[in-house]
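*Asks:* Would you be able to build a 3D model of this:
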Amino acid sequence: MKIGYAMYSARELTTDPESMRKVLSEIAKMGYQGVEFFLYHDTEPGELKKMLEEFGLEAIGTHVHKPRWDADAQGEIDYAVKAGIPYLVYPYVDASLRTEEYYRALPAILKDLAAQCREKGIQLQYHNHDFEFEKIDGMAVMDYLLEQEKSFTFELDTFWCRYAGIDAMGYMEKLGSRVPMIHIKDYLGAGKDGVEFTAIGTGKLDNTQVILKAREMNKDWLIVELDNSPLHPLESARISIEAIRKVLGLTGVGD
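*Replies:* All right, here's what the predicted structure looks like:
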(Lines give C-alpha, C1' and ligand atoms only; values in the text may rest on other atoms or scores of the structure.)
Protein backbone atom coordinates (compact mmCIF):
# COMPACT_ATOMS: atom_id res chain seq x y z
CA MET A 1 0.00 0.00 0.00
CA LYS A 2 1.34 3.40 -1.01
CA ILE A 3 0.73 6.75 0.65
CA GLY A 4 -0.63 9.53 -1.52
CA TYR A 5 -1.54 13.19 -1.17
CA ALA A 6 -4.62 14.92 -2.53
CA MET A 7 -3.50 18.17 -4.16
CA TYR A 8 -6.88 19.70 -3.32
CA SER A 9 -5.44 20.08 0.17
CA ALA A 10 -2.81 22.49 -1.19
CA ARG A 11 -5.04 24.29 -3.67
CA GLU A 12 -4.25 27.72 -2.22
CA LEU A 13 -0.56 27.11 -2.96
CA THR A 14 -0.94 25.98 -6.57
CA THR A 15 -1.95 28.60 -9.12
CA ASP A 16 0.36 27.96 -12.08
CA PRO A 17 2.86 25.37 -13.37
CA GLU A 18 5.73 26.76 -11.32
CA SER A 19 3.84 26.66 -8.03
CA MET A 20 2.64 23.17 -8.96
CA ARG A 21 6.28 22.14 -9.35
CA LYS A 22 7.20 23.57 -5.95
CA VAL A 23 4.40 21.77 -4.13
CA LEU A 24 5.13 18.46 -5.87
CA SER A 25 8.79 18.79 -4.90
CA GLU A 26 7.91 19.36 -1.24
CA ILE A 27 5.40 16.51 -1.16
CA ALA A 28 7.96 14.12 -2.62
CA LYS A 29 10.57 15.14 0.00
CA MET A 30 8.12 14.23 2.76
CA GLY A 31 7.93 10.67 1.47
CA TYR A 32 4.60 10.67 -0.32
CA GLN A 33 4.69 8.25 -3.23
CA GLY A 34 1.94 9.75 -5.36
CA VAL A 35 -0.48 12.62 -5.78
CA GLU A 36 -4.11 12.97 -6.73
CA PHE A 37 -4.92 16.07 -8.74
CA PHE A 38 -7.79 18.52 -8.69
CA LEU A 39 -6.82 21.27 -11.14
CA TYR A 40 -3.84 21.37 -13.49
CA HIS A 41 -3.32 25.16 -13.43
CA ASP A 42 -2.49 25.46 -17.13
CA THR A 43 0.19 22.79 -16.87
CA GLU A 44 0.53 20.90 -20.13
CA PRO A 45 0.07 17.13 -19.67
CA GLY A 46 3.55 16.32 -20.95
CA GLU A 47 5.04 18.88 -18.57
CA LEU A 48 3.08 17.45 -15.65
CA LYS A 49 4.28 13.95 -16.48
CA LYS A 50 7.90 15.17 -16.52
CA MET A 51 7.45 16.87 -13.14
CA LEU A 52 6.18 13.66 -11.61
CA GLU A 53 9.06 11.68 -13.07
CA GLU A 54 11.54 14.30 -11.85
CA PHE A 55 10.32 14.01 -8.26
CA GLY A 56 9.69 10.27 -8.29
CA LEU A 57 5.95 10.62 -7.79
CA GLU A 58 3.14 8.58 -9.30
CA ALA A 59 -0.05 10.10 -10.64
CA ILE A 60 -2.94 8.51 -8.76
CA GLY A 61 -5.93 10.20 -10.36
CA THR A 62 -7.80 13.46 -10.79
CA HIS A 63 -11.03 14.72 -9.27
CA VAL A 64 -13.13 16.08 -12.14
CA HIS A 65 -16.26 17.92 -11.06
CA LYS A 66 -19.50 17.67 -13.02
CA PRO A 67 -19.17 20.99 -14.92
CA ARG A 68 -15.87 19.82 -16.37
CA TRP A 69 -17.30 16.43 -17.34
CA ASP A 70 -20.24 18.20 -18.97
CA ALA A 71 -18.05 20.71 -20.80
CA ASP A 72 -15.43 18.34 -22.21
CA ALA A 73 -15.33 14.76 -20.97
CA GLN A 74 -13.06 13.63 -23.81
CA GLY A 75 -10.68 16.49 -23.14
CA GLU A 76 -10.38 15.41 -19.50
CA ILE A 77 -9.76 11.82 -20.56
CA ASP A 78 -7.21 12.78 -23.23
CA TYR A 79 -5.29 14.91 -20.73
CA ALA A 80 -5.16 11.99 -18.31
CA VAL A 81 -3.83 9.69 -21.02
CA LYS A 82 -1.07 12.13 -22.00
CA ALA A 83 -0.11 12.85 -18.38
CA GLY A 84 -0.13 9.19 -17.34
CA ILE A 85 -3.02 9.54 -14.90
CA PRO A 86 -4.79 6.16 -14.51
CA TYR A 87 -7.96 7.21 -12.67
CA LEU A 88 -10.53 9.95 -13.15
CA VAL A 89 -12.94 10.55 -10.30
CA TYR A 90 -16.52 11.79 -10.13
CA PRO A 91 -15.99 13.47 -6.76
CA TYR A 92 -19.07 15.38 -5.70
CA VAL A 93 -22.80 15.86 -6.16
CA ASP A 94 -23.72 19.50 -5.75
CA ALA A 95 -26.38 20.23 -3.13
CA SER A 96 -28.81 21.39 -5.81
CA LEU A 97 -28.66 17.93 -7.44
CA ARG A 98 -29.17 15.77 -4.35
CA THR A 99 -32.62 14.64 -5.34
CA GLU A 100 -34.16 11.24 -5.90
CA GLU A 101 -34.44 12.06 -9.61
CA TYR A 102 -30.73 12.76 -9.98
CA TYR A 103 -29.62 9.82 -7.89
CA ARG A 104 -31.73 7.53 -10.07
CA ALA A 105 -30.09 9.00 -13.17
CA LEU A 106 -26.56 8.88 -11.77
CA PRO A 107 -25.75 5.19 -12.44
CA ALA A 108 -26.38 5.70 -16.17
CA ILE A 109 -24.27 8.88 -16.16
CA LEU A 110 -21.40 7.05 -14.49
CA LYS A 111 -21.77 4.08 -16.82
CA ASP A 112 -21.39 6.37 -19.83
CA LEU A 113 -18.36 8.14 -18.39
CA ALA A 114 -16.81 4.81 -17.40
CA ALA A 115 -17.20 3.56 -20.97
CA GLN A 116 -15.57 6.68 -22.39
CA CYS A 117 -12.69 6.34 -19.93
CA ARG A 118 -12.25 2.63 -20.59
CA GLU A 119 -11.85 3.24 -24.33
CA LYS A 120 -8.68 5.18 -23.53
CA GLY A 121 -7.40 2.88 -20.80
CA ILE A 122 -8.57 5.07 -17.92
CA GLN A 123 -10.64 3.89 -14.96
CA LEU A 124 -13.53 5.85 -13.50
CA GLN A 125 -14.13 6.14 -9.77
CA TYR A 126 -16.83 7.63 -7.58
CA HIS A 127 -15.82 9.48 -4.42
CA ASN A 128 -18.29 9.65 -1.55
CA HIS A 129 -19.17 12.22 1.09
CA ASP A 130 -21.62 11.81 3.97
CA PHE A 131 -24.77 12.57 1.96
CA GLU A 132 -24.49 9.35 -0.04
CA PHE A 133 -25.62 7.55 3.08
CA GLU A 134 -29.03 9.20 2.93
CA LYS A 135 -31.81 6.85 1.83
CA ILE A 136 -33.47 6.23 -1.51
CA ASP A 137 -36.14 3.50 -1.52
CA GLY A 138 -35.00 2.64 2.00
CA MET A 139 -31.47 2.05 0.71
CA ALA A 140 -28.41 4.26 1.14
CA VAL A 141 -27.50 6.10 -2.06
CA MET A 142 -24.06 4.46 -1.88
CA ASP A 143 -25.66 1.02 -1.85
CA TYR A 144 -28.00 2.03 -4.66
CA LEU A 145 -25.04 3.06 -6.83
CA LEU A 146 -23.25 -0.18 -5.97
CA GLU A 147 -26.26 -2.27 -6.91
CA GLN A 148 -27.23 -0.44 -10.07
CA GLU A 149 -23.92 -0.23 -11.91
CA LYS A 150 -20.67 -2.22 -11.82
CA SER A 151 -18.56 -0.37 -14.41
CA PHE A 152 -16.80 2.00 -12.00
CA THR A 153 -14.94 1.61 -8.72
CA PHE A 154 -15.15 3.63 -5.51
CA GLU A 155 -12.66 5.87 -3.81
CA LEU A 156 -13.94 5.44 -0.29
CA ASP A 157 -13.59 8.51 1.89
CA THR A 158 -13.42 6.90 5.30
CA PHE A 159 -13.84 10.20 7.13
CA TRP A 160 -17.19 10.95 5.50
CA CYS A 161 -18.32 7.38 6.20
CA ARG A 162 -17.55 7.81 9.87
CA TYR A 163 -19.01 11.32 9.96
CA ALA A 164 -22.26 9.82 8.66
CA GLY A 165 -22.19 7.20 11.41
CA ILE A 166 -21.09 4.37 9.12
CA ASP A 167 -18.50 1.71 10.00
CA ALA A 168 -15.76 2.59 7.51
CA MET A 169 -13.87 -0.67 7.95
CA GLY A 170 -17.06 -2.66 7.53
CA TYR A 171 -17.75 -0.75 4.34
CA MET A 172 -14.25 -1.42 3.07
CA GLU A 173 -14.94 -5.11 3.61
CA LYS A 174 -18.33 -4.85 1.92
CA LEU A 175 -16.97 -3.14 -1.19
CA GLY A 176 -13.86 -5.31 -1.38
CA SER A 177 -12.05 -4.93 -4.69
CA ARG A 178 -14.37 -2.14 -5.80
CA VAL A 179 -12.34 0.11 -3.49
CA PRO A 180 -8.72 0.17 -4.70
CA MET A 181 -7.91 3.26 -2.63
CA ILE A 182 -9.20 5.23 0.33
CA HIS A 183 -9.08 8.78 1.68
CA ILE A 184 -8.40 9.54 5.31
CA LYS A 185 -8.83 12.80 7.21
CA ASP A 186 -8.83 14.09 10.77
CA TYR A 187 -10.93 16.88 12.22
CA LEU A 188 -11.36 19.20 15.15
CA GLY A 189 -15.13 19.48 14.94
CA ALA A 190 -17.97 21.10 13.04
CA GLY A 191 -17.70 24.89 12.91
CA LYS A 192 -20.02 27.57 11.60
CA ASP A 193 -18.46 27.26 8.13
CA GLY A 194 -18.49 23.48 8.05
CA VAL A 195 -16.12 20.77 9.23
CA GLU A 196 -12.81 22.00 10.63
CA PHE A 197 -10.12 19.57 9.50
CA THR A 198 -6.62 19.10 10.89
CA ALA A 199 -3.51 17.01 10.27
CA ILE A 200 -3.82 13.26 10.75
CA GLY A 201 -3.24 12.36 14.38
CA THR A 202 -3.92 15.83 15.78
CA GLY A 203 -7.72 15.81 15.93
CA LYS A 204 -10.65 13.83 17.27
CA LEU A 205 -10.44 10.89 14.89
CA ASP A 206 -8.26 7.85 15.52
CA ASN A 207 -7.36 6.51 12.07
CA THR A 208 -5.13 3.71 13.36
CA GLN A 209 -7.49 0.82 12.66
CA VAL A 210 -8.56 2.24 9.29
CA ILE A 211 -4.92 2.52 8.21
CA LEU A 212 -4.12 -1.01 9.36
CA LYS A 213 -7.27 -2.37 7.72
CA ALA A 214 -6.35 -0.73 4.42
CA ARG A 215 -2.95 -2.37 4.57
CA GLU A 216 -4.46 -5.73 5.52
CA MET A 217 -6.76 -5.50 2.49
CA ASN A 218 -3.86 -4.56 0.20
CA LYS A 219 -5.36 -1.28 -0.94
CA ASP A 220 -3.32 0.38 -3.66
CA TRP A 221 -3.38 3.83 -2.10
CA LEU A 222 -4.02 5.52 1.23
CA ILE A 223 -4.59 9.18 0.37
CA VAL A 224 -4.37 12.12 2.76
CA GLU A 225 -6.91 14.85 2.06
CA LEU A 226 -7.67 17.89 4.22
CA ASP A 227 -10.28 20.27 2.86
CA ASN A 228 -8.90 22.90 5.21
CA SER A 229 -6.34 23.09 8.01
CA PRO A 230 -5.45 25.41 10.89
CA LEU A 231 -1.79 24.97 9.92
CA HIS A 232 0.03 25.67 6.67
CA PRO A 233 -1.13 22.97 4.21
CA LEU A 234 2.36 21.56 3.74
CA GLU A 235 2.95 21.41 7.48
CA SER A 236 -0.28 19.45 7.81
CA ALA A 237 0.89 17.19 4.99
CA ARG A 238 4.17 16.53 6.81
CA ILE A 239 2.52 15.80 10.17
CA SER A 240 -0.02 13.54 8.47
CA ILE A 241 2.44 11.31 6.68
CA GLU A 242 4.60 11.02 9.79
CA ALA A 243 1.54 9.86 11.76
CA ILE A 244 0.62 7.31 9.09
CA ARG A 245 4.15 5.97 8.82
CA LYS A 246 4.30 5.58 12.60
CA VAL A 247 1.13 3.45 12.52
CA LEU A 248 2.59 1.34 9.72
CA GLY A 249 5.89 0.92 11.57
CA LEU A 250 7.91 2.73 8.91
CA THR A 251 10.95 4.72 9.94
CA GLY A 252 12.89 6.20 7.03
CA VAL A 253 11.47 8.11 4.05
CA GLY A 254 12.67 5.34 1.75
CA ASP A 255 10.78 2.58 3.59
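*Asks:* center of this structure, which residue is that?
*Replies:* residue 183 (5.5 Å; Cα atoms, centre = their mean).
*Asks:* does that one sit in a helix, a strand or a coil?
*Replies:* Of the three states, residue 183 takes strand under DSSP: H, G, I helix; E, B strand; the rest coil.
*Asks:* Looks like residue 205 contacts residue 187 (just checking).
*Replies:* Yes - counting by Cβ atoms under 8 Å, residue 205 touches residue 187, with 6.1 Å between them. For glycine as for every other residue, the C-beta is placed from the backbone atoms N, C-alpha and C.
*Asks:* Return every residue with contacts to both of the two.
*Replies:* residue 159 (Cβ atoms under 8 Å, 6 or more residues apart in numbering).
*Asks:* which residue ranges form the helices in this protein?
*Replies:* Applying DSSP state H to the chain gives helices spanning 17-30, 45-55, 66-83, 100-119, 141-148, 158-163, 168-175, 208-216, 233-248.
*Asks:* quick one: buried residues of the second one?
*Replies:* Of the residues in helix 45-55, those buried under the neighbour-count criterion (16 or more other Cβ atoms under 10 Å) are 45, 48, 49, 51, 52, 55.
*Asks:* Any chance you could list what contacts it?
*Replies:* If you take Cβ under 8 Å, 6+ apart as the criterion, helix 45-55 is touched by 17, 20-21, 24-25, 27-28, 35, 40, 43, 58-59, 79-80, 82-84.
*Asks:* same check, this time on the shortest one
*Replies:* Residues outside helix 158-163 that contact it (Cβ under 8 Å, 6+ apart): 128-130, 132-133, 167-168, 171-172, 182-187, 195, 205, 207, 210.
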